[in-house]
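A.B. asks: Fold the stuff below for me.
(one chain, ligands or ions: 1)
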Amino acid sequence: MKGLENKRVIITGAASGIGRATAQRFYEEGSTLVLVDMPSLDETELASMFPERMTYIQGNVTKSEDLAKIQAEMDKGFDVIINNAGITRDATIAKMTDEQWDQVIAVNLTAVWKLSQMAAVKLKEQGKGGSILNAASVVAHYGNFGQSNYVATKAGVIGMTKTLAKELGKAQIRVNAVAPGFIGTPMVRAMPEKVITMMEEKCPMKRIGEPEEIAAAYAFLASDDAKFISGTCLNVDGALVIG
Ligand SMILES: NC(=O)c1ccc[n+]([C@@H]2O[C@H](COP(=O)([O-])OP(=O)(O)OC[C@H]3O[C@@H](n4cnc5c(N)ncnc54)[C@H](O)[C@@H]3O)[C@@H](O)[C@H]2O)c1
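C.D. replies: Modelled structure (predicted):
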């Protein structure tokens, strides 16, 4: 896609699922990668997947010392950040603990806000525009049993995306979200067959999506082909949510 070969792209949560597929897609497009994921990770696998044009930050997006490492990479210059890292800690409202609430808010919402703020300041300073992409979810549109924390963050991300698009438009900084439907990441693929069948049945296209199909949406929105698209939330869900 247009222009991606010239872009330095930061991707959080890049070691698994959608983040990994997104890193792969941008790498194939010729982008230079800055990948961020949790300290527990064995980074040799990523190093072999991306033998060049890749910097890896072992870091937790909720920790200020790790945000400082990301800031240091931003300061070297960048064009795109994809706030993909996300977690679930499901429980119905009566059973959800404060800890479950706080953990999900910290990763899925506060860290997205903080990284967007850091990115906005640096991109403005660079003066050549840029792109901020945020991971939402279709559940932000219709709610999901047992996920009051997660859904609140994803709806919050969509609102934040629209607001930042307005605030940063003048600087040619585009801000968009992607709302995946059911996607066959390792976590989803490990679910019981009957749950996967239920997901497939719910989807008008009668299948779950592939991580690569979300990666393609991020690649398009980050590319120069999308240079007048900002403030949108792109559903990539096989028509699960329409309207
Ligand atoms: N898979 C789906 O069906 C689906 C649907 C809608 C939205 N999403 C969203 O897409 C994003 C990616 O989902 P996925 O299914 O690929 O998840 P995943 O669990 O496979 O990958 C998430 C990655 O984020 C990393 N991560 C988690 N907390 C982190 C932290 N504090 N700091 C740094 N890295 C951290 C994890 O280590 C992991 O590598 C998430 O924001 C998720 O909410 C996924």
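A.B. asks: where does the residue of the chain positioned farthest from its centre land in three-state SS?
C.D. replies: If you look at how far each residue of the chain sits from its centre, by C-alpha atoms, centre = their mean, the farthest one is Ala94, at 29.2 Å. Using DSSP: H, G, I helix; E, B strand; the rest coil, the structure places Ala94 in coil.
A.B. asks: Do you know the pLDDT at it?
C.D. replies: Predicted confidence (pLDDT) for Ala94: 98.
A.B. asks: Please renumber the chain so that the first residue is 514 from this point on.
C.D. replies: Okay, residue one is now 514; in that scheme the one you just asked about reads as Ala607.
A.B. asks: Please pull out the lowest mean pLDDT helix or strand from this protein.
C.D. replies: Using mean pLDDT, DSSP states H and E, the weakest-scoring helix or strand in the chain turns out to be helix 699-702, at a mean of 84.
A.B. asks: Distance-wise, check the residue nearest the centre of the chain relative to Gly640.
C.D. replies: In the chain, the residue lying closest to the centroid (C-alpha atoms, centre = their mean) is Asn597, at 2.1 Å. In this structure, Asn597 and Gly640 are separated by 26 Å, where distance is defined by C-beta to C-beta, to the nearest Å. For every residue, glycine as well, the C-beta is placed using N, CA and C.
A.B. asks: quick one: contacts for the residue nearest to the centre of the chain?
C.D. replies: Applying C-beta atoms under 8 Å, 6 or more residues apart in numbering to Asn597 gives the contacts 524-527, 531-532, 535, 648.
A.B. asks: closest to Ser629 among those?
C.D. replies: Nearest to Ser629 among the contacts of Asn597: Thr525, at 11.3 Å, using C-beta to C-beta.
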